[in-house]
Structure formats: C-alpha cells, structure tokens
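Peer 1: Curious how this folds, go ahead:
(one chain, ligands or ions: 1)
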Amino acid sequence: MEKEDIERIRGEFPILSREVAGRPMVYLDNTATSQTPGRVVSEIERIYTHEKANVHRGVHTLSQEMTDLQEHTRETIRGYINASGVDEVIFTRGTTEGINLVASSFGSRFKSGDEVILTVMEHHANIVPWQLLRDRTGIVLRVVDINERGELDLEQYRSLFNERTVMASFCHVSNVLGTVNPVKEMTAYAHAQGVPVLIDGAQASPHMLIDVADIDCDFYVFSAHKMYGPTGIGVLYGKRRWLEEMPPYQGGGEMIAKVTFEHTTYAELPFKFEAGTPDFVGIAAFAKAIEFIREVGMERIAAHEHELMEYTQKRMLEIPGLRIFGTAPGKSAVISFLVGDIHPYDLGMLLDKQGVEVRTGHHCAMPLMDRLGIPGTVRASFAVYNTREEADAFINALTRATAILS
Ligand code: PMP
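Peer 2: This next block holds a predicted model:
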C-alpha cells in the first residue's frame, strides 16, 4: 500500500497519535484487539445520542429504527461471510461465547465415549468449553500435534477420526504461531467421515476474506473487536440444519414464541439463540467496521500486513539469540519470539518503556506453550495501520532492550 494510503487510514484512528512513555506509541498488539476507526466510534455516539431504543420490542419509531440498524448489520455480515441466510447469523458476545454456545447446545447430543478432535494450537476458548462438556457427558478429547514450523500434523489429524468421532473444532489461524490452517481441506475430510466442524475464526476474520459456503464448515465464530469493531460483540455462523435442531443456549426474553408455566416454545432462528437484550448499539456500529474493511479492501490489508511482517521478521533475525515460534509459509501477521533466556515479561516491559505495545505471556494457549517447552513468548502483531517506521522503531527498541537484559 502507498504511504499516503496508510497515512489516510491512520487519520481515522486518533489513538494512533498518542504517546506512551513520552514517545510516539507503536501499537503491535493487534492480535489481542485492533484499534477502532472514528466512523465506528461516531456511530456509537450517534446512536446513544439520537437512536437508542430496545430492539424487537416496540411499535414505536425509535425501536423500529434501532431494530433496522441491528438487522442491517446482520445482513452485512451475512453477505460478508457468504452465509445463505440471515437466520444463520447469530450475534454473541464474541468468539468465546460462540464456542461455548456450540459446545453446550450442539454438544448436548454427545454421549460418554464420543470423541471431539481439537488441536494443540487452540486458544483456551476452544479448549475449556469442550472440557466443561467432557465433565458433564464423558466425551473424550483428541488433540492434533504440530511440526517444527508450527503446522498441524494433517496425517495425524486424519488418523484421529474413528466411529466415535462426533466433532472437529480447530482454529483457522493460530493467535500465537500465525499458522493458517487448511480449513477447507480439513472440513472436507471431516465431512467425508460424517463429522461436523467448528472453526474458530477469531484470528482469520481480521486478515482474510471468509467464505463459509466455500469452506463448507458447520459453525464459524469470530469477534468484532479484532476486526476494527466494537468490543463485546461476536458472530456465530451455523448451518441452518444444525441450528434448527439445536436446543437454546440461554433462556429469556426475545428467544421465545410462547411462554406458559407448563410449556415454552421458542422463537425462529436466529432469535432462538439471542436471549435477552443484545449489545444492539455495538452490533449496529459493527457494520461501520465492515464498511471500513471493504473500503480499504481485504486483499490490500492482507498484503500490507504480510509485507510488514516479513520485513520485521527479517530484521529481527539479525538480533543474536532471537527465536521465532511459528514459521509456516503464508503465516498471518503475527510474530511470537524469545531472545536467549530473557523472560518475555522483562522484554515486554522494556519495550513498553520505549512506547512499543506488544503482548507477553502464554497468549491463552498454555497447552501450546507446554508443547513448545517455553513459559511464554513476546508477540508482535500487525494491522492495516502499522507502518515501516513503526517496525523500525520496534526493532530499535528491541535491540536496546535485548542489550540491557543480556
Ligand atoms: N480464539 C482465538 C484464536 C483468539 O485469538 C481469541 C482472542 N485472543 C479468542 C478465541 C477469544 O476471543 P474473544 O476473547 O474475543 O472471545
């Protein structure tokens, strides 16, 4: 992307001009959450100032306008991920809630001894809900390993399927390694064995176009806050056939057709899975984040981030003792690393003192850290608004921090 384009994009993010520790901030924690463009913030402010009324409840004008705004986002997301209908797009609190919903509701059909396939690179959000289900039902979790580049062992993946397998659940992109998994092929293989698939798209949706029809997955989950959108909102895409069969996840207002003390019938999709008042303001404003992504263009976003990541990685490798975890070809714009035996927290703190915001620790992937035999990493991750100057500032800060700590 041209320098002027990046500057124009940065202009939409006032937070990027703030300082940390008396220096221009370099925000490289985009994997945890990305920053939010002004148009999303303005939309939230506009709604609180002029539109706020509860959705799907009233005949009055405000309620109808608010409902239209929320449902406009649902249609925007439907088109964006190529779902076949808006009834397949369920608003959640985020990726975590989406996976919990599927594990709890779809998982209610599983029995003791049934097997669910996960991978060692999963975020805790795609591990713990299945463990909770295991505690309730006695299912068995099977785990796919990785190779030295941080790619899934696909031979092992295929070998784990047997007549007891009832589900495969894996991330599209690893939040630590950046590995982009071949989700379409993995889904096709699972389907050939009659096994449905859930994909954790939390780290894919900010960096690539998602086509759920093309992938043919049964469930796909992601969070708005990593996609330049508001916090506290996510999407669960599910195939209509499953969603219709599944019992509700939570009970309450909005998800019912008729309630008596003897018997309750449920609302149609997608409302069956949307009990209570949603974050309708955030949902409405999420459409502006999608508009931003579309305007810049996902291909351009991905190309820019990739180029920046490659450049940074190349320069980082000049630092003696630096090891990168996750070197799969075509990986996403995430760099997890350690330098010698310096503790990641120490590096993170010294980087922060120089204005560079990176994440340190286990990244909610403790089983992966165990597999790699390390306590944690430092992780730098990129978004569309990051620049080569910021990459250089990061490298300089890292070189200085490493010199101090070595
Ligand atoms: N899965 C992956 C791969 C993630 O990176 C994250 C966020 N770090 C999550 C799930 C959880 O997302 P959220 O906290 O938005 O629910």
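Peer 1: How many neighbouring residues does Y345 have?
Peer 2: For Y345, the neighbour count with other Cβ atoms under 10 Å is 13. Where C-beta positions appear, they are placed from N, C-alpha and C, glycine not excepted.
Peer 1: Buried residues, the helix of greatest length in the chain. List them.
Peer 2: Secondary structure assigned by DSSP state H gives helix 61-81 as the longest helix of the chain. Neighbour-count burial for helix 61-81 flags 63, 65-67, 69-71, 73-74, 76-78, 80-81 (criterion: 16 or more other Cβ atoms under 10 Å).
Peer 1: Which strands or helices does that helix pack on?
Peer 2: Under the contact definition 3 or more Cβ pairs under 8 Å, 6 or more residues apart in numbering; DSSP states H and E, helix 61-81 sits against strand 89-92, strand 234-238, helix 280-296.
Peer 1: Pick the most buried one from these.
Peer 2: Most buried of the helices and strands packed on helix 61-81, by mean neighbour count (mean count of other Cβ atoms under 10 Å): strand 234-238, with a mean of 28.
Peer 1: Residues contacting stretch 343-352, please?
Peer 2: Outside stretch 343-352, the residues that touch it by Cβ atoms under 8 Å, 6 or more residues apart in numbering are 20-21, 338-339, 357-361, 375-378, 394, 397-398, 400-402, 404-405.
Peer 1: Need the mean per-residue confidence for it.
Peer 2: Averaging pLDDT along stretch 343-352 gives 98.
Peer 1: quick check, distance from it to the centre of its chain.
Peer 2: Stretch 343-352 has its C-alpha centroid displaced from the chain centroid by 25 Å (Cα atoms, centre = their mean, to the nearest Å).
Peer 1: Kindly export it (C-alpha atoms) in CSV.
Peer 2: Provided in CSV are the C-alpha atoms of stretch 343-352 (Å, rounded to 0.1, in the frame of the first residue of the first chain):
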residue,chain,number,x,y,z
HIS,A,343,12.0,-13.6,30.2
PRO,A,344,9.2,-12.4,27.9
TYR,A,345,7.8,-10.1,30.6
ASP,A,346,11.1,-8.3,31.0
LEU,A,347,11.3,-7.7,27.3
GLY,A,348,7.7,-6.6,27.2
MET,A,349,8.3,-4.1,30.0
LEU,A,350,11.3,-2.6,28.4
LEU,A,351,9.6,-2.3,25.1
ASP,A,352,6.7,-0.5,26.8
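Peer 1: For that stretch, buried residues please.
Peer 2: Neighbour-count burial for stretch 343-352 flags P344, L347, G348, L350, L351, D352 (criterion: 16+ other Cβ under 10 Å).
Peer 1: could those residues go into JSON lines alongside secondary structure?
Peer 2: Listed next are the buried residues of stretch 343-352 as JSON lines, based on DSSP: H, G, I helix; E, B strand; the rest coil:
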{"residue": "P344", "secondary structure": "helix"}
{"residue": "L347", "secondary structure": "helix"}
{"residue": "G348", "secondary structure": "helix"}
{"residue": "L350", "secondary structure": "helix"}
{"residue": "L351", "secondary structure": "helix"}
{"residue": "D352", "secondary structure": "helix"}
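Peer 1: that older thread, buried subset of the contacts of stretch 343-352?
Peer 2: Applying 16+ other Cβ under 10 Å to the contacts of stretch 343-352 flags 338-339, 357-361, 376-378, 394, 397-398, 401-402 as buried.
Peer 1: mind listing what the residue nearest to M121 when sequence neighbours are not counted touches?
Peer 2: Of all residues not flanking M121 in the chain, S174 sits nearest, at 4.4 Å (Cβ to Cβ, 6 or more residues apart in numbering). By Cβ under 8 Å, 6+ apart, the contact set of S174 is M121, G150, N181, Q203, G326, S332, V334, A365, L368.
Peer 1: could these go into TSV alongside secondary structure, pLDDT and distance to the ligand?
Peer 2: Output for the contacts of S174, formatted as TSV (DSSP: H, G, I helix; E, B strand; the rest coil; pLDDT from 0 to 100; distance: Cβ to the nearest ligand atom, whole Å):
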residue	secondary structure	pLDDT	distance to the ligand
M121	coil	98	9
G150	coil	98	14
N181	coil	98	11
Q203	coil	98	5
G326	coil	98	13
S332	coil	97	10
V334	strand	98	10
A365	coil	98	8
L368	helix	98	11
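Peer 1: Can you lay out those residues as a markdown table showing neighbour count and distance to K52?
Peer 2: Below are the contacts of S174 laid out as a markdown table (neighbours: other Cβ atoms under 10 Å; distance: Cβ to Cβ, whole Å):
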| residue | neighbour count | distance to K52 |
| --- | --- | --- |
| M121 | 27 | 41 |
| G150 | 23 | 45 |
| N181 | 23 | 40 |
| Q203 | 28 | 32 |
| G326 | 24 | 43 |
| S332 | 26 | 37 |
| V334 | 27 | 37 |
| A365 | 27 | 38 |
| L368 | 27 | 42 |
